[in-house]
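Engineer: Next comes the sequence, and after it the predicted model I'd like to discuss.
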Amino acid sequence: FILGSRPTIKKREILGKINRQSMGKQLKQLEKKYNIGWRDFEINELFDSLNGDFDIKACHINGNGNFVVTSGETNSGILGKSNIKSKIFEKNTITVDMFGSVFYRNFDYKMVTHARVFSLKPKSFKINDKIGLYLQSSMKYLKQIYSYSDMASFKKINKRKINLPIFNNGQIAFEYIEEF
């Protein structure tokens with residue numbers, strides 16, 4: 001890409017598929033083993049979006065309680081720990097911030113409300129570390145789309161697609177993902 005230019009939306013969505021294509025032979029062996037195909041899923045088919053209920057600020061960070069998630073990539077979006085009373089989000093979910101930064105969370109956490117970060121909770125499946133990191137990687141392309149001048153929100157990303165492996169019956173091939 002030319003410095004300062006932004007790829008087209010189609011090119012940005014293709015970036016989410018690059019990991020699979022770059023591993024060639026190993027992936028073909030896994031695909032054959034599991035007899036899988038691929039399908040694009042809209043984010044809203046897979047996840048519900050949740051928001052915080054209290055505006056946790058830096059003055060509430062005291063090193064106690066749960067981790068607090070904010071926007072940004074520094075420390076994977078972790079502001080610190082706080083025991084201030086606020087909504088606690090379940091582990092094994094994914095957070096997306098206003099810049100399109102995506103992180104899998106394998107711990108319970110709280111979120112600030114002023115930094116436009118939201119949690120994605122799976123609708124009909126469970127996430128473990130391998131599945132969570134795979135999904136995080138599959139959504140990293142969102143960072144190429146959103147910025148301070150065009151902030152991500154669930155309303156904006158809900159129709160975006162994630163390309164996932166499927167079995168012949170159309171179900172997501174989580175076993176394949178765990179062996180990936």
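Structural biologist: Ah, there it is.
Engineer: Neighbours of the residue lying closest to S76 once chain neighbours are set aside, how many?
Structural biologist: With sequence-adjacent residues excluded and distances taken as Cβ to Cβ, 6 or more residues apart in numbering, S76 is closest to F103, at 5.2 Å. Where you see a C-beta, it was placed from the backbone N, CA and C, and this is true even at glycine. Neighbour count of F103, defined by other Cβ atoms under 10 Å: 19.
Engineer: And for Y146?
Structural biologist: 21.
Engineer: Equivalent analysis for N64, please.
Structural biologist: For N64, the neighbour count with other Cβ under 10 Å is 10.
Engineer: mind checking which helix or strand it is in?
Structural biologist: Under DSSP states H and E, no helix or strand contains N64.
Engineer: So it is in contact with G80, correct?
Structural biologist: No - counting by Cβ atoms under 8 Å, N64 does not reach G80; the two are 9.7 Å apart.
Engineer: quick one: terminal-to-terminal distance for stretch 107-123?
Structural biologist: With Cα to Cα, to the nearest Å as the measure, stretch 107-123 spans 18 Å from end to end.
Engineer: The chain: strands as residue ranges?
Structural biologist: 37-42, 47-50, 66-69, 78-82, 93-96, 102-105, 109-111, 118-122, 161-166 (DSSP state E).
Engineer: mind putting the ones you listed in JSON lines, mean pLDDT and distance to Y148 included?
Structural biologist: Below are those laid out as JSON lines (pLDDT from 0 to 100; distance: least, Cβ to Cβ, whole Å):
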{"stretch": "strand 37-42", "mean pLDDT": "95", "distance to Y148": "25"}
{"stretch": "strand 47-50", "mean pLDDT": "98", "distance to Y148": "20"}
{"stretch": "strand 66-69", "mean pLDDT": "98", "distance to Y148": "18"}
{"stretch": "strand 78-82", "mean pLDDT": "97", "distance to Y148": "18"}
{"stretch": "strand 93-96", "mean pLDDT": "98", "distance to Y148": "15"}
{"stretch": "strand 102-105", "mean pLDDT": "98", "distance to Y148": "17"}
{"stretch": "strand 109-111", "mean pLDDT": "98", "distance to Y148": "19"}
{"stretch": "strand 118-122", "mean pLDDT": "98", "distance to Y148": "17"}
{"stretch": "strand 161-166", "mean pLDDT": "96", "distance to Y148": "24"}
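Engineer: Kindly present those strands as JSON lines, with separate columns for distance to L133.
Structural biologist: Shown next, in JSON lines, are the strands of the chain (distance: least, Cβ to Cβ, whole Å):
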{"stretch": "strand 37-42", "distance to L133": "17"}
{"stretch": "strand 47-50", "distance to L133": "16"}
{"stretch": "strand 66-69", "distance to L133": "17"}
{"stretch": "strand 78-82", "distance to L133": "16"}
{"stretch": "strand 93-96", "distance to L133": "10"}
{"stretch": "strand 102-105", "distance to L133": "5"}
{"stretch": "strand 109-111", "distance to L133": "16"}
{"stretch": "strand 118-122", "distance to L133": "14"}
{"stretch": "strand 161-166", "distance to L133": "14"}
